[in-house]
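Peer 1: When you get a sec, could you give me coordinates for this:
(2 chains)
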Amino acid sequence: MNLKELYQEIILEHGKNPRNLRKTEGFNKDAKGNNPLCGDNVHVYLKLNGQKIVEDASFEGSGCAISMASASIMTDLIKGKNEHEAKEIVEDFLGMIKENPELQSKYLSEDEKTKLMCLSGVKQYPMRVKCATLSWHTMVSAFDEKMEEVKTEN
Amino acid sequence: MKIDQIKKEFPIFDEKIQNNDLVYLDSANSSQKPKIVVDRINEFYTKQFSNVGRSVHYLAVAATNLYENTRTSVQKYINAKDKNEIVFTKGATEALNLVANTLGQSYLQEGDEVLITELEHHSNYVPWHFLRKSKNIKINFAEINKECEITLEEIEKKITQKTKLISITHLSNVTGAILPVKEITQLAHSKGIIVVVDGCQGAPHLKLDMQELDCDFYAISCHKMYGPTGLGVLYGKKKWLEELPPYQGGGGMINEVKKDRISYGELPNKYEAGTMATAQVIAFDQSIKFLESIGIENVMKHESDLVEYGQELLQKNNSVKLIGNPKNKGGVLSFTIEGVHPHDIATILDEDGVAIRAGHHCCQILHDKLNIPASARASVGIYNTKEDLDQLNQSINNCKKIFNL
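Peer 2: Predicted coordinates for the structure are as follows:
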């Protein structure tokens, strides 16, 4: 994978015009994350309904194209999933971004897998993996209602 | 001066880095090493190794002499009065921590004020913050002007009756601003204020004359000075180093140890507890020889030509915004590109073999002031050429293309 392929259209599109870059009204879970090395920061908001399904997900923050695209895609595809499903998807994503060649989660549609796979090129750039994973760690922290800010060094 | 010739002395430039010729623009972070320095480490470990200052056997004596030779070389290079004013540390960070810690133990009192600047690297802020926590001292910040400089007037404005110490960088690692250290020291001393200088960026690129600067302490990072990692130098005026208490306790720094009393060694041993970075110290002598062989005036001229050239190039490049425009500027070009995060810039430039740094460069206070989370930074060393800066500019254009700018 070369650089052009990493910064392919979908990353640039999501990086420049992130989806769900806002604060969910009436959110009931949230967490902050920051990447002190880069100065990237993200605040993830989740609104779970009575059945504990994510009704809305959003984020605020600033960062590089990879971290913005990752948060954008994540908040899009997590909607409609419950906590268990969401966490499994996080594990699947983290596995893929570090080593696994493919996504395996049964909770992801083919279309969602394709979108997420556009971030797979990041594994060639170990220093940038934390850019891609920041919002995902932060979402887990929101589910777990951890008060501490997430700090990714990897 | 033939830069091509000088560049040949650095083995790393013979390497292909991911199939590219290396365009190394990260010397403010750490410089590359000339062969004589690398070889000296190898030679010491293979043929001459022994610990220093302890045993009486042949190798130990020889190693001790080599170790002390570097101290003398450093003394001469920075024009210190006495070789015992040179203390080896594990880095400039430790040097600054040593100063803050020992002044905190015996000199600074609750309510005293320390004046630093918004340009400071975290290693010239956090050690003072420790004293803010433990001793309730106050830290004031001299503010940058719109060119990202710190002026003598600004320092004067921020000095109060309670200011006991001023700790400033010699050369900003982000904006490249060179501070008027000599004038600041004159002013400070006229008011009985101590001056500490973070010379991490100053030492590799500027003429060092402790008698002229007259500062009380000066911290040097050897790995930015074409020397080995794990080594720093603290210059301190003898009267201070003699008066202040030790920093770390252990072997080498003591005189006599009894169950009920301990007396400490003389300078410089007093501040060199434990086994030191022996091979690095000995190899650092070669770094000084290397710099002396070129001549610091030539280094300064070459780097200021480069930075002027780079500045013009980037100023002409649409969407590149240079950070700061100090009149007196060292070899640092920090910039942002509207619409591209510095980490994306660095990754894309890396693809062309152009090594720069992106982030806050350990200067969060400055980046907060400038209201940016991070910046991209190209910094030059003696081995850089105008072609390197042309390549930087071309790779920036490539980056803009990828981002459809």
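Peer 1: measure the residue in chain A sticking out farthest from the centre to A:Asn82 for me?
Peer 2: In chain A, the residue that sits farthest from the middle, by CA atoms, centre = their mean, is A:Gly50; the gap is 23.6 Å. With the distance defined as CB to CB, to the nearest Å, A:Gly50 ends up 12 Å from A:Asn82. Quick note: C-beta positions are derived from backbone N, CA and C, even for glycine.
Peer 1: Please enumerate the helices of chain A.
Peer 2: Counting by DSSP state H, chain A has these helices, from start to end: A:3-6, A:9-16, A:65-78, A:83-98, A:110-117, A:129-143.
Peer 1: so what's the residue nearest to B:Asp82 when sequence neighbours are not counted up against?
Peer 2: For B:Asp82, ignoring the flanking residues on the chain, the nearest one in space by CB to CB, 6 or more residues apart in numbering or on different chains is B:Lys238 at 5.4 Å. Neighbour list for B:Lys238: B:Lys81, B:Asp82, B:Asn84, B:Glu85, B:Leu267 [criterion: CB atoms under 8 Å, 6 or more residues apart in numbering or on different chains].
Peer 1: so which of those residues is the most crowded?
Peer 2: Ranked by neighbour count (other CB atoms under 10 Å in any protein chain shown), these have B:Glu85 at the top, with 25 neighbours.
Peer 1: pLDDT score for that residue?
Peer 2: For B:Glu85, the model assigns a pLDDT of 98.
Peer 1: Equivalent analysis for the one 3 residues further on, please.
Peer 2: B:Phe88 is assigned 98 on the pLDDT scale.
Peer 1: what about B:Pro228, how many neighbours?
Peer 2: 22.
Peer 1: next one: B:Lys258
Peer 2: By other CB under 10 Å, 7 other residues sit near B:Lys258.
Peer 1: And A:Gln104, by the same measure?
Peer 2: Using other CB under 10 Å, A:Gln104 has 12 other residues around it.
Peer 1: show me the contacts for it.
Peer 2: Contacts of A:Gln104 (CB under 8 Å, 6+ apart): A:Asp92.
Peer 1: Mind listing what's buried along stretch A:133-144?
Peer 2: The neighbour-count check on stretch A:133-144 (16 or more other CB atoms under 10 Å in any protein chain shown) flags A:Thr133, A:Leu134, A:Ser135, A:Trp136, A:His137, A:Thr138, A:Met139, A:Val140, A:Ser141, A:Ala142, A:Phe143 as buried.
Peer 1: how far does it sit from the chain's center?
Peer 2: 8 Å (CA atoms, centre = their mean, to the nearest Å).
Peer 1: Report the rounded mean pLDDT for it.
Peer 2: Mean per-residue pLDDT for stretch A:133-144: 95.
Peer 1: Equivalent analysis for stretch B:380-389, please.
Peer 2: 98.
Peer 1: any idea how far the spatially closest residue to A:Cys118 that is not a sequence neighbour lies from B:Pro373?
Peer 2: The shortest distance from A:Cys118 to any non-neighbouring residue, by CB to CB, 6+ apart, is to A:Ile10 (4.5 Å). A:Ile10 sits at a distance of 24 Å from B:Pro373 (criterion: CB to CB).
Peer 1: So which of the helices of chain A is the most surrounded?
Peer 2: For the helices of chain A, the largest average neighbour count (mean count of other CB atoms under 10 Å in any protein chain shown) is found in helix A:65-78, namely a mean of 26.
Peer 1: CA-only coordinates of stretch B:96-109, as PDB, when you get a sec.
Peer 2: C-alpha atoms of stretch B:96-109 as PDB (Å, rounded to 0.1, in the frame of the first residue of the first chain):
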ATOM      1  CA  LEU B  96      17.800  21.800  34.100                       C
ATOM      2  CA  ASN B  97      16.300  19.500  36.700                       C
ATOM      3  CA  LEU B  98      19.600  19.600  38.700                       C
ATOM      4  CA  VAL B  99      19.500  23.400  38.700                       C
ATOM      5  CA  ALA B 100      15.900  23.600  39.700                       C
ATOM      6  CA  ASN B 101      16.100  20.900  42.300                       C
ATOM      7  CA  THR B 102      19.300  22.200  44.000                       C
ATOM      8  CA  LEU B 103      18.200  25.900  43.900                       C
ATOM      9  CA  GLY B 104      14.800  24.700  45.200                       C
ATOM     10  CA  GLN B 105      16.500  22.900  48.100                       C
ATOM     11  CA  SER B 106      18.700  25.800  49.300                       C
ATOM     12  CA  TYR B 107      18.000  29.100  47.600                       C
ATOM     13  CA  LEU B 108      14.400  29.700  46.400                       C
ATOM     14  CA  GLN B 109      11.800  30.400  49.100                       C
END
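Peer 1: Next to chain A, which bits of the stretch 301-405 of chain B? Give me the list.
Peer 2: By CB under 8 Å from any CB of the partner chain, the residues of the stretch 301-405 of chain B that approach chain A are B:339-344, B:347-348, B:351, B:358-360, B:364, B:367, B:373-374, B:402-404.
Peer 1: Give me the subset of the residues you listed that lies in helices.
Peer 2: Counted as lying in helices by DSSP H, out of those, are B:Pro342, B:His343, B:Asp344, B:Thr347, B:Ile348, B:Gln364, B:His367, B:Ile402.
Peer 1: Name the nearest residue to B:Leu389, sequence neighbours excluded.
Peer 2: Closest to B:Leu389 by CB to CB, 6+ apart is B:Gly310, at 4.3 Å.
Peer 1: From the structure, what's the count of residues near the one you found?
Peer 2: Neighbours of B:Gly310 under the rule other CB under 10 Å: 26.
Peer 1: That one touches B:Leu392, doesn't it?
Peer 2: Yes: with contact defined as CB atoms under 8 Å, B:Gly310 counts as touching B:Leu392 (7.1 Å).
Peer 1: what do those two both touch?
Peer 2: In contact with both B:Gly310 and B:Leu392: B:Ala378, using CB under 8 Å, 6+ apart.
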